[in-house]
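only the shape, not the letters, is given here:
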């Protein structure tokens, strides 16, 4: 196929056959991959070859059992959803048990990068979820997003550019998040309304807030707790908040290391919490959000919180002056550049 294009007054003969071939190749790849997901049987390994592949719609797996989705490496197998025109996620996995996703990158999804729901036994291993370019509010909300799951393992993963949380585990039980990196997200790592979580050996840096442990109202699983956050490096989380208007994380002040909000039985220990300009560790009730509480079963206060044996450092700079917390620093607390590492 040939096409004439006028460039600087000169008609140039262009060969479009390679472009058409490329588009057809990506379309065939997408259809074949989705077919493999639909037809997957217990014990199947769905291998994805090395390369950069453009995907136009959400990929989905429903009620899978003992299924592995495996690329050739985090930076070798890249599924790009930059031109996605259908679906709310990059990959969506619903129901089933013992699902593993490993050795690949999901890039520029329209919504969440990988969402798993109601899965018992979900493993993310060496997976990257990213939005390229400067972080912005039109990026997807969540990078790695298991919700209402049991037995969750997120290991050696990377999350970049999420407009809510890079690594988020919500309303789930028995969780490990380890050896992972979250950067340039609004919230780096978030554990929300979840029970029995260990978050350790991670690096959360250059987010708005590094690590968040929240309980929020109006959710099916009402109360989280029994969360341990340890041996993490939580540094330089001073990035401007770019969450869309109305998101609860839009209230997180930039310069926040760790926030514990309205949850219980949380232990934070042996972390390096360095150069987060507004707060190293904050323990707050839901009332700090200034949002109304309509859920009669919701308890808005944090309880039984144990903070010990952490390393805190910060440069002598002013905390943020934005948001509710910024107003407190500016008009009431007046810390100036000498902001405490821990406060509640």
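The structure has been received and is ready for your questions. Please read all numbers here as calculations on a predicted model, not as lab measurements.

now do the strands in the stretch 101-250 of the chain.
112-117, 120-130, 142-147, 150-155, 158-160, 165-170, 173-178, 181-183, 187-192, 195-200, 203-205, 209-214, 225-230, 233-235 (DSSP state E, counting those that start in this stretch).

which helices and strands does the fourth one pack with?
In terms of contacts (3 or more CB pairs under 8 Å, 6 or more residues apart in numbering; DSSP states H and E), strand 150-155 is packed against strand 120-130, strand 142-147, strand 165-170, strand 173-178. (C-beta placed from N, C-alpha, C; glycine too.)

before we move on, back to that, got the strands of the stretch 101-250 of the chain as JSON lines, with mean neighbour count and distance to residue 313 columns?
Converted to JSON lines, those look like this (neighbours: other CB atoms under 10 Å; distance: least, CB to CB, whole Å):
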{"stretch": "strand 112-117", "mean neighbour count": "25", "distance to residue 313": "32"}
{"stretch": "strand 120-130", "mean neighbour count": "22", "distance to residue 313": "29"}
{"stretch": "strand 142-147", "mean neighbour count": "29", "distance to residue 313": "28"}
{"stretch": "strand 150-155", "mean neighbour count": "19", "distance to residue 313": "27"}
{"stretch": "strand 158-160", "mean neighbour count": "25", "distance to residue 313": "25"}
{"stretch": "strand 165-170", "mean neighbour count": "29", "distance to residue 313": "23"}
{"stretch": "strand 173-178", "mean neighbour count": "20", "distance to residue 313": "24"}
{"stretch": "strand 181-183", "mean neighbour count": "24", "distance to residue 313": "19"}
{"stretch": "strand 187-192", "mean neighbour count": "30", "distance to residue 313": "18"}
{"stretch": "strand 195-200", "mean neighbour count": "20", "distance to residue 313": "20"}
{"stretch": "strand 203-205", "mean neighbour count": "24", "distance to residue 313": "14"}
{"stretch": "strand 209-214", "mean neighbour count": "29", "distance to residue 313": "14"}
{"stretch": "strand 225-230", "mean neighbour count": "20", "distance to residue 313": "18"}
{"stretch": "strand 233-235", "mean neighbour count": "22", "distance to residue 313": "9"}
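
what's opposite residue 211 in the beta bridge?
Beta-bridge partners for residue 211, by DSSP bridges, are residue 189, residue 258.

quick one: residues contacting it.
188-190, 199, 202, 204, 229, 232, 234, 257-259 (CB atoms under 8 Å, 6 or more residues apart in numbering).

quick one: it from residue 237, how far?
9 Å (CB to CB, to the nearest Å).

please apply the same query to residue 273.
Distance from residue 273 to residue 237, by CB to CB: 9 Å.

name the residues contacting each of those two.
With contacts taken as CB under 8 Å, 6+ apart, the residues that reach both residue 273 and residue 237 are 210, 257.

quick one on the thing from earlier: and the contacts of residue 211, which two are furthest apart?
202 and 259 (15.5 Å; CB to CB).

what does the pLDDT read for the residue nearest the centre of the chain?
The structure's the chain has its C-alpha centroid closest to residue 166; by CA atoms, centre = their mean the separation is 1.8 Å. Confidence at residue 166, expressed as pLDDT, is 98.

so who does it touch?
129, 142-144, 159-160, 182-183, 185, 187-189, 207.

in JSON lines: those, plus distance to residue 67 and pLDDT.
What follows is these, written out as JSON lines (distance: CB to CB, whole Å; pLDDT from 0 to 100):
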{"residue": "129", "distance to residue 67": "19", "pLDDT": "98"}
{"residue": "142", "distance to residue 67": "21", "pLDDT": "98"}
{"residue": "143", "distance to residue 67": "21", "pLDDT": "98"}
{"residue": "144", "distance to residue 67": "17", "pLDDT": "98"}
{"residue": "159", "distance to residue 67": "22", "pLDDT": "98"}
{"residue": "160", "distance to residue 67": "26", "pLDDT": "98"}
{"residue": "182", "distance to residue 67": "26", "pLDDT": "98"}
{"residue": "183", "distance to residue 67": "30", "pLDDT": "98"}
{"residue": "185", "distance to residue 67": "28", "pLDDT": "98"}
{"residue": "187", "distance to residue 67": "29", "pLDDT": "98"}
{"residue": "188", "distance to residue 67": "29", "pLDDT": "98"}
{"residue": "189", "distance to residue 67": "26", "pLDDT": "98"}
{"residue": "207", "distance to residue 67": "32", "pLDDT": "98"}
